[in-house]
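Trainee: Fold the following, please.
(one chain, ligands or ions: 1)
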Amino acid sequence: MTALIEIKNVSKIYATSDDSATWALQGVSVNIEQGEFICAIGPSGCGKTTLLNIIGGFITPTEGDALLNGNAIQGPGPDRGVVFQEYALFSWLTSRENIEFPMRLKGVSKADRRAMSDKYLEMINLTHAADRYPGELSGGMRQRVAVARALVNEPQLLLMDEPFAAVDAMTRTSLQEEVLRLWEKLKFSVLFITHNIEEAVFLSSKIIIMSPHPGRIKEIVPVDLPYPRDRTSPDFGALYAKVNEAFHT
Ligand code: ADP
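Mentor: Now for the predicted structure:
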């Protein structure tokens, strides 16, 4: 069976104004299978966002192939939902209107949009905040709305670029649990970028460890711990130590 995403020998070189070139990625190959939860970790500048942007169709590789269901990625599409670190909600739209926005672009009828936003507001436990504007929500609530907005077109792949980096530790833990709950229920695949090793071990079925200059995949670590995961268990600790060592050597 074809993988959902195939990245084959991809390199990305950015030209810069001082005539030097940055090898953001070099010779990167990785697949994302249906239903996988992949975390990409690595220090700043190792090409994580570049990889996500190539898969999202926002930029093209300099060399190599990026395929979605066996076809070259031509641009963004409703089959891929994206959540960024910064709250990218439209400040002039309510939670409900933000969630309905992608469906409006697709020409979904008002009644169907309403039914879907009801469903997703309930899924993220924000029915009570449907008519509030982003400025009236906490950081965690805003990211839950951003996740719902990314999921409302029922994408095959959810792309998340350090989505919980700006919220406090307790909110982060509950957002992690919430995203796992949605993933288990809706069965999309995930590419999740993080700096945080504990977050990667808690969430993912596979961890891609990257290194910079040029951006490369250093190691791919499968995580076969059952869900829900217990951060205090010896198995969790052992995997954390393994990933931590691979990250730092
Ligand atoms: P990460 O997400 O791991 O921090 P990025 O993919 O953002 O890494 O960046 C990888 C490298 O490419 C870095 O050295 C960064 O400075 C460079 N880079 C990223 N975007 C651009 C751009 N638009 N123009 C020039 N260089 C860029």
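
Trainee: use CA for all of it now, contacts and neighbours both
Mentor: OK.

Trainee: In which helix or strand does the residue positioned nearest the centre of the chain reside?
Mentor: Central residue of the chain (Cα atoms, centre = their mean): residue 160, 1.9 Å from the mean position. In the assignment (DSSP states H and E), residue 160 maps to strand 157-161.

Trainee: What lies in contact with that strand?
Mentor: Identification of contacts with strand 157-161 by Cα atoms under 8 Å, 6 or more residues apart in numbering yields 49, 52, 56, 79-85, 150-151, 188-194.

Trainee: Which ones among those map onto strands?
Mentor: Secondary structure assignment by DSSP state E places 80-83, 189-194 of the contacts of strand 157-161 in strands.

Trainee: and which of those is nearest the ligand?
Mentor: For the ones in strands among the contacts of strand 157-161, the closest approach to the ligand (Cα to the nearest ligand atom) belongs to residue 193, at 8.0 Å.

Trainee: In this structure, where is pLDDT below threshold?
Mentor: Low-confidence segments of the chain (pLDDT under 70): 87.

Trainee: where along this protein do the helices fall?
Mentor: For the chain, applying DSSP state H gives helices covering 48-56, 95-106, 110-123, 139-151, 169-186, 197-203, 234-248.

Trainee: and the angle from the fifth one to helix 139-151?
Mentor: Between helix 169-186 and helix 139-151, the angle formed by their directions is 20 degrees, by axes from the mean of the first three to the mean of the last three Cα atoms, to 10 degrees.

Trainee: Show me what counts as buried in helix 169-186.
Mentor: The neighbour-count check on helix 169-186 (16 or more other Cα atoms under 10 Å) flags 171-172, 175, 177-180, 182-183 as buried.

Trainee: what's the angle between that helix and strand 189-194?
Mentor: Using the same axes, to 10 degrees: helix 169-186 against strand 189-194 is 170 degrees.

Trainee: Nothing else from me, thank you.
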